[in-house]
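>>> for reference, the sequence and a predicted model appear below.
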There are 2 protein chains.
Amino acid sequence: MNITCVCEKCELRTVFFENFKGNQLESFCSKKSEIFYQQGDFVFHEGDEVTSFSYLKSGVLKLFTTTPEGKDQIITIAGPYDFVSLLGIFSISHQTYSVAAIDDAVVCHIDIQEIKEIVKKNGEFSLHLMEKIGGTSNKIIRESMEIRRKNTYGKVAYILLKMSRDIYANQTFNLPLSRREIAEYTGVTTENVIRAMSEFRKDKTIRINGHEIEILDMEALKRISDYG
Amino acid sequence: MNITCVCEKCELRTVFFENFKGNQLESFCSKKSEIFYQQGDFVFHEGDEVTSFSYLKSGVLKLFTTTPEGKDQIITIAGPYDFVSLLGIFSISHQTYSVAAIDDAVVCHIDIQEIKEIVKKNGEFSLHLMEKIGGTSNKIIRESMEIRRKNTYGKVAYILLKMSRDIYANQTFNLPLSRREIAEYTGVTTENVIRAMSEFRKDKTIRINGHEIEILDMEALKRISDYG
DNA sequence: CGCGGCTTTGATGTTCATCAAGTAAAGTGG
DNA sequence: CCACTTTACTTGATGAACATCAAAGCCGCG
């Protein structure tokens, strides 16, 4: 499903296209497409040719790879205004990971050649793009290191906090990740993710109602994440 | 110790400064400094202000963070021509990790403002820089995910293979990492790193003589890394 | 209705961290 | 240069954390 988009009104323009001038914006608009993805849809698959630079307008996506044993391993979760394309897009011809919607999402795709042309012509834009995309890569690296050093309970607490803080900015939210996906994200088994969450529930740290999660004791959850 | 460097002869110029023209190169040269670091020296500390863009001319460096418990956690190992500054340098004002030499190294520092100016003025250079630096970030992310899913023996085998292949391009090499550093890199205890390496030695997969390592059975080590 | 996927809990086993203890190597001060 | 201290390395024994296995309940959907 293709939605028409008037760039001038796009809330993303201000985020990193503020350096566009006149016909640059026009040229840019003609080459992009905004696509709606239903929960479960793939935005692209590992191995696909890289043809566009993509960013997330709304919804939630997961970036993941499939291990040789056929299990999925989630690299990170992206929320509104996050980049779907990491910097690799400038150096690789084929995707090194898959992206799928875990909540209904709208992704804006811009032809990669077009972006490259703009980078060459517009220095301010280049710098801005590097800042944004570099910050994203950096965050992923730091997050990965952080998850690695936590124990099972800490890992699960960390994910819940991240979803609450970074993605939904709310203590109550509809967890778009299944228990198995949290497992694939943290590197813990599904059973132990459930055990951790059940424990948090019993301790009145969180309230669970299916996929609806409410963080009741933020401080306790932070402690578990930090010291666990 | 400050070494003078004639840019025109620098082997790195061809790597990503091939787009420089006339006075750009001159201006660039005047703002950079090439520094020698002895094994153990810090290139910079986590929290330091970001003042330069740095790349490694020779030697081996470790990029690492210190956990709240005071233990080091190695993010990655950098070899010749690798970037020391990840893309974060364009978005952050202070270093988010420390860098230290684990083997005598020469690092070239370029004033960060200077790089930013060049990015703004020279589109080809911007694109080239994005390609290189993006590839580096991407590799770190993939490596982190890969290490995470391996078991203890697989992790250690992976590191040995990486040092042999990526850093030294030789089956025999002088391992610059202590057993403890391999532990900090893989997230395994020092004792278990040693147990894994002893096992490899007993199986005649590797030969150990202090810090000198020779990979005797490359295929076996790959199998352990891939399926372990 | 029944099948398959997701969730949950309990029992069991394996992996790996921790603890302990000793040797070797490398730096330090007299 | 040698006693001394400290740091790196090594091996074994024990226990805790976590994966695996098993079984059952709970939807949602064809």
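That came through, no problem. Not measured: the values here are computed from a predicted model.

>>> what's across from the most centrally placed residue in chain A in the sheet?
In chain A, the centroid-proximal residue (CA atoms, centre = their mean) is residue A:78; its distance is 1.1 Å. Taking DSSP bridges as the rule, residue A:78 bridges to residue A:61.

>>> that one and DNA strand C, how far apart?
20 Å (CB to the nearest atom of the strand, to the nearest Å). Where C-beta positions appear, they are placed from N, C-alpha and C, glycine not excepted.

>>> other SSEs contacting the strand or helix carrying residue A:53?
Here residue A:53 sits within strand A:52-66, counting by DSSP states H and E. Secondary-structure packing of strand A:52-66 (3 or more CB pairs under 8 Å, 6 or more residues apart in numbering or on different chains; DSSP states H and E): strand A:72-78, strand A:98-111, helix A:112-121, helix A:179-186.

>>> mind doing that once more with 10 Å?
If contacts are counted by 3 or more CB pairs under 10 Å, 6 or more residues apart in numbering or on different chains; DSSP states H and E, strand A:52-66 sits against strand A:32-37, strand A:42-44, strand A:72-78, strand A:98-111, helix A:112-121, helix A:123-149, helix A:179-186, helix B:123-149.

>>> do you know which of those lies nearest residue B:172?
For those, the distance to residue B:172 is smallest for helix B:123-149, at 23.0 Å, taking CB to CB.

>>> does any part of the closest one sit near chain A?
Yes: Helix B:123-149 is in contact with chain A by CB under 10 Å from any CB of the partner chain, via B:123-149.

>>> got a list of what the closest residue in space to residue A:226 that isn't next to it in sequence touches?
Leaving aside its sequence neighbours, residue A:226 sits nearest to residue B:68 (CB to CB, 6 or more residues apart in numbering or on different chains; 6.9 Å). The contact partners of residue B:68, by CB atoms under 10 Å, 6 or more residues apart in numbering or on different chains, come to A:149, A:226, A:227.

>>> in CSV: the helices and strands packed on strand A:52-66, plus mean pLDDT.
Putting the helices and strands packed on strand A:52-66 into CSV (pLDDT from 0 to 100) gives the following:
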stretch, mean pLDDT
strand A:32-37, 90
strand A:42-44, 94
strand A:72-78, 96
strand A:98-111, 93
helix A:112-121, 87
helix A:123-149, 91
helix A:179-186, 97
helix B:123-149, 91
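
>>> picking up where we left off before, the residue nearest to residue A:226 sits in which helix or strand?
Using DSSP H and E, residue B:68 falls within no helix or strand.

>>> tell me the residues of chain A that contact DNA strand C?
A:178, A:179, A:180, A:190, A:191, A:194, A:195, A:197, A:198, A:208, A:211 (CB under 7 Å from any atom of the strand).

>>> let's see which of the residues you listed end up in strands.
residue A:208 (DSSP state E).

>>> of the residues of chain A next to DNA strand C, which is the most crowded?
residue A:197 (22 neighbours; other CB atoms under 10 Å in any protein chain shown).

>>> for residue A:158, see how far away it is.
13 Å (CB to CB, to the nearest Å).

>>> domain ranges for chain A?
Segmentation of chain A into domains, based on automatic domain parsing, reads A:2-146, A:150-227.

>>> contacts only, for residue A:139.
By CB under 10 Å, 6+ apart, the contact set of residue A:139 is A:76, A:82, A:166, B:88, B:91, B:96.

>>> may I have the phi/psi pair for the third one?
Backbone torsions of residue A:166, given as degrees, to the nearest 10, read phi -80, psi -40.

>>> please name the nearest non-neighbouring residue to it.
residue A:79 (6.1 Å).

>>> my guess is residue A:49 contacts residue A:94, does it?
Yes: with contact defined as CB atoms under 10 Å, residue A:49 and residue A:94 form a contacting pair (5.8 Å).

>>> show the pLDDT at residue A:86.
Residue A:86 carries a pLDDT score of 78 in this model.

>>> the one 3 residues further on now?
In this prediction, residue A:89 carries a pLDDT score of 80.

>>> checking it next. Helix, strand or coil?
Judged by DSSP: H, G, I helix; E, B strand; the rest coil, the three-state class of residue A:89 is helix.

>>> for residue B:143, see how far away it is.
19 Å.

>>> kindly report the same for residue A:194.
Residue A:194 is 30 Å from residue B:143, by CB to CB.

>>> same question for residue A:58.
32 Å.

>>> the two: who's more crowded?
residue B:143 (18 against 14).

>>> I'd guessed the more buried one sits against residue B:75; true?
Yes: taking CB under 10 Å as the definition, residue B:143 is a contact partner of residue B:75 at 9.3 Å.

>>> what do those two both touch?
Common neighbours of residue B:143 and residue B:75, using CB under 10 Å, 6+ apart, are A:144, B:185.

>>> now for the nearest residue to residue A:218 once chain neighbours are set aside: which residues touch it?
When the adjacent residues along the chain are set aside, residue A:218 lies closest to residue A:171, with 6.9 Å between them (CB to CB, 6+ apart). By CB under 10 Å, 6+ apart, the contact list for residue A:171 reads A:164, A:165, A:206, A:207, A:213, A:214, A:215, A:216, A:218.

>>> may I see these arranged in JSON lines, with distance to residue B:43, pLDDT and neighbour count as well?
Listed next are the contacts of residue A:171 as JSON lines, based on distance: CB to CB, whole Å; pLDDT from 0 to 100; neighbours: other CB atoms under 10 Å in any protein chain shown:
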{"residue": "A:164", "distance to residue B:43": "37", "pLDDT": "96", "neighbour count": "21"}
{"residue": "A:165", "distance to residue B:43": "33", "pLDDT": "96", "neighbour count": "14"}
{"residue": "A:206", "distance to residue B:43": "43", "pLDDT": "96", "neighbour count": "22"}
{"residue": "A:207", "distance to residue B:43": "48", "pLDDT": "95", "neighbour count": "14"}
{"residue": "A:213", "distance to residue B:43": "43", "pLDDT": "95", "neighbour count": "22"}
{"residue": "A:214", "distance to residue B:43": "46", "pLDDT": "96", "neighbour count": "13"}
{"residue": "A:215", "distance to residue B:43": "40", "pLDDT": "97", "neighbour count": "23"}
{"residue": "A:216", "distance to residue B:43": "45", "pLDDT": "96", "neighbour count": "16"}
{"residue": "A:218", "distance to residue B:43": "38", "pLDDT": "97", "neighbour count": "14"}
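
>>> residue B:28: which of these is nearest?
residue A:165 (41.3 Å).

>>> which ones are touching that closest one?
Residues near residue A:165 by CB under 10 Å, 6+ apart: A:171, A:215, A:218, A:222.

>>> now render these as CSV, adding distance to residue B:36.
Below are the contacts of residue A:165 laid out as CSV (distance: CB to CB, whole Å):
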residue, distance to residue B:36
A:171, 53
A:215, 51
A:218, 49
A:222, 44
